[in-house]
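In: Need coordinates for the below:
(one chain, ligands or ions: 2)
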Amino acid sequence: MMRQISILGSTGSIGLSTLDVIRAHPELFKVFALTASKQVELLAQQCIEFSPALAVIGDAQGAARLTALLLITNSRTQVLYGPDALVNAVTDSGCDTVMAAIVGAAGLVPTLAAAKAGKRVLLANKEALVMSGHLFMQAMKSGGGELLPIDSEHNAIFQCLPPQFTKASQAALGVEELWLTASGGPFRDTPLEQLTTITPAQACAHPNWVMGRKISVDSATMMNKGLEVIEAFWLFGLPLEKIKVLIHPQSVVHSMVRYVDGSVIAQLGQPDMRTPIAYGLAWPNRIEAGVAPLNLAQLAALSFSEPDLIHFPCLALAFLAAQAGGIAPTVLNAANEIAVAAFLDEGMPYLQIPKVVEKTLNAIQACPVESIEVILDIDAQARRVASDFIKVI
Ligand code: NAD
Ligand code: MG
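Out: Ligands and ions are numbered 1, 2, ... in the order given. As a prediction, this is how the structure comes out:
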């Protein structure tokens, strides 16, 4: 069967890797829609190469420019813009598979729409699940589609669990714990006092992975691993105390499952997102992903240790928000997005990131999470509060 793919965020790091895998398998995959926020020229190039039915860009100005760029070379692609068009791109009956790779909360509404529409959802956009875990999982269930984790750790765990695994069958299948691995980022061994002068370029220079700027900073603070604990909680349904984090600087073991009989099953591979992307695209089959084979004999050693929560206060805050539940993960995520943007674009000191997140978590009153409107409202409120804290730093 030829899969028809819509990519939310096709110009980003995950989007480019997804197109790389698709490019190598024209007999299996066809691009239905491509979307981007601002990168008009790159989106135009992608449209010329993949000839999708639909391209979506952030605003009217971008759409006019994209239309002009496609005028001579590509008459097949319809150009639309704005948030509603993102929803069209993933709910259209012409698409059966959605790569959710917009960064941050902006991806929530279209990713949720894909879930409700019963598509196969390849989930890279962890923030969407962190913000709205319960509602998102419900939407997947009611839509009846397949949810395949693309985040490398969750993809690894998915591969290490038995195919018949469900939340209800966990005990019968002997699943005891999930171990998420983390590289520890570029500042794993840097003393805290030396982090006062960290620049965005230093924070984005991840030792093992090449990623977008926001997730690179999240990896440096280890907020990324905190978001991933919450992501694993919703995806696999194990209690939080059974989801563990292990520092593993080599990023070769992507995560593990510990079973009741003493077995630990791990997934290993190069730190290259094309492996989980190819897995999600072709599941339950496997296809060539363009990734070099792993040479274990060449690796000097694999090491593991417990994370230090004093060194990584963002990870501690994420654990607290996960335990609190309710709106806390939504607030955590929103405050973190605002704080990371202020660090990247406005020169806010790196060490203020956990402080802004902590103050925002303490400032927002808990309330029941009944609908997506409540989530979006809390998200907006947390952004305002975090921005106000940043103004007085
Ligand atoms: P990126 O910054 O490289 O790309 C983001 C994409 O989203 C771009 O195409 C951009 O145009 C689009 N976008 C941004 N803001 C938007 C908005 N307001 N509306 C519509 N589109 C918007 O990010 P990335 O590294 O590719 O990460 C994407 C997602 O995947 C994130 O949620 C990240 O946590 C997750 N993820 C990434 C990696 C990785 O290796 N890069 C690994 C695991 C998970
Ligand atoms: Mg990850």
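In: If you drop the residues flanking it in sequence, what lies closest to whichever residue of the stretch 251-393 of the chain sits closest to ligand 1?
Out: Proximity of the stretch 251-393 of the chain to ligand 1 (CB to the nearest ligand atom) peaks at Met273, 4.5 Å away. Every C-beta, even on glycine, is put in place using the N, C-alpha and C of the backbone. If the residues on either side of it in the chain are set aside, Met273 comes closest to Ser17, at 4.8 Å by CB to CB, 6 or more residues apart in numbering.
In: Shouldn't the one you found be within a helix?
Out: Yes: counting by DSSP: H, G, I helix; E, B strand; the rest coil, Ser17 is part of a helix.
In: Helices of the stretch 251-393 of the chain, residue ranges please.
Out: Secondary structure of the stretch 251-393 of the chain (DSSP state H, counting those that start in this stretch): helices at 274-282, 313-324, 328-346, 352-363, 372-391.
In: and Leu80, which of these is closest to it?
Out: In terms of CB to CB, the element of the helices of the stretch 251-393 of the chain nearest to Leu80 is helix 372-391, at 21.8 Å.
In: What angle do helix 352-363 and the closest one make with each other?
Out: 130 degrees (axes from the mean of the first three to the mean of the last three CA atoms, to 10 degrees).
In: and helix 372-391 with ligand 1, contact?
Out: No: Helix 372-391 lies out of reach of ligand 1 by CB under 6 Å from any ligand atom, never closer than 12.8 Å.
In: cool, and stretch 331-348?
Out: No: with CB under 6 Å from any ligand atom as the criterion, ligand 1 is not reached by stretch 331-348; the gap is at least 10.3 Å.
In: Tell me the buried residues in that stretch?
Out: For stretch 331-348, the neighbour count (16 or more other CB atoms under 10 Å) marks 331-344, 348 as buried.
In: Contacts only, for the residue of the stretch 251-393 of the chain closest to ligand 1.
Out: Contacts for Met273 (CB atoms under 8 Å, 6 or more residues apart in numbering) come out as 13-14, 17, 150, 152, 209.
In: Tell me how many other residues surround Thr73.
Out: Per other CB atoms under 10 Å, the neighbour tally for Thr73 reads 12.
In: Which positions in this protein make contact with ligand 2?
Out: The chain has residues 151-153 near ligand 2, with proximity defined as CB under 5 Å from the ion.
In: hmm, 6 Å instead?
Out: 151-153, 228 (CB under 6 Å from the ion).
In: Which stretches in the stretch 101-250 of the chain count as helices?
Out: Taking DSSP H, counting those that start in this stretch as the test, the helices found in the stretch 101-250 of the chain are 108-116, 126-143, 152-160, 200-204, 213-221, 223-236.
In: Lys355: which of these is closest?
Out: With respect to Lys355, and counting by CB to CB, the nearest of the helices of the stretch 101-250 of the chain is helix 213-221 at 11.5 Å.
In: list the buried ones in the closest one?
Out: By 16+ other CB under 10 Å, the buried positions in helix 213-221 come out as 213-221.
In: Good, we can wrap up now.
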